[in-house]
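>>> here's a sequence, model it:
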Amino acid sequence: MAAKKPRMIGFNHIALEVGDIDEALDFYGELFDFKLRSRSETMAFIDLGDQFINFSKGREQAPDDRRHVGLVVDDKEAVRQRLGELDIKVLPGRFLDFLDPWGNRIEIVGYQNIQFSKAPYVLRGMGIEDLPKNQSALEELAEKGMAPD
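The predicted structure follows:
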């Protein structure tokens, strides 16, 4: 009899390869407000509530084309504005994508528009407890039996 298959239930973190840890913290710090959890010469960890990004020194491959990270934010339009202020090119297409200095493709996704959800106590701990979902996101959740009470 085959063993029961485990279910994937989410992401704990993403590791992004960068050329330099200080430069990565500076670059992402110009775009986003975040808390640095810890760092060393070859790694840095920034908190995203109950998840985190690990910047890891040592990027050698070509820039990402289709492979990307979908980073969820509380205010997508504020990111669009910051990208413009910092002269960071938004990639062509229907999404808000850009490449960081090491070629990591980042897609910006608004929390309100997607079914991805943080628990209320995590949002409260992040200081953003009044972050509603739009009707489309609520309908996606309801279809899966996951709509908020």
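>>> all contacts plus neighbour counts: C-alpha atoms, from now on.
OK.
>>> C-terminal to the host helix or strand of residue 46, what's the next element?
Following DSSP states H and E, one finds residue 46 within strand 43-48. Remark: after strand 43-48, the chain's next helix or strand is strand 51-57, criterion DSSP H and E.
>>> the inter-axis angle of that next one versus strand 43-48?
Calculated by axes from the mean of the first three to the mean of the last three C-alpha atoms, to 10 degrees, strand 51-57 forms an angle of 160 degrees with strand 43-48.
>>> ok, residues contacting strand 51-57?
With C-alpha atoms under 8 Å, 6 or more residues apart in numbering as the test, strand 51-57 has contacts from 11-21, 24, 42-47.
>>> quick one on the thing from earlier: direction included, what does the strand holding residue 46 pair up with?
strand 35-39 (antiparallel), strand 51-57 (antiparallel) (DSSP bridges).
>>> what ranges do the helices span in the chain?
Ranges of helices within the chain are 21-31, 76-85, 120-126, 135-143, based on DSSP state H.
>>> minimum distance to residue 112: which of those has it?
Closest to residue 112 of these is helix 135-143 (C-alpha to C-alpha; 7.1 Å).
>>> so how far is residue 28 from residue 119?
25 Å (C-alpha to C-alpha, to the nearest Å).
>>> tell me which of these two has more neighbours.
For the pair residue 119 and residue 28, the greater number of neighbours falls to residue 28 (13 against 10), based on other C-alpha atoms under 10 Å.
>>> pLDDT of stretch 62-77, averaged?
In this model, stretch 62-77 has an average pLDDT of 94.
>>> tell me the contacts of residue 122?
Contacts of residue 122 (C-alpha under 8 Å, 6+ apart): 49, 50.
>>> residue ranges in the protein under the pLDDT threshold?
By pLDDT under 70, the weakly predicted segments of the chain are 149.
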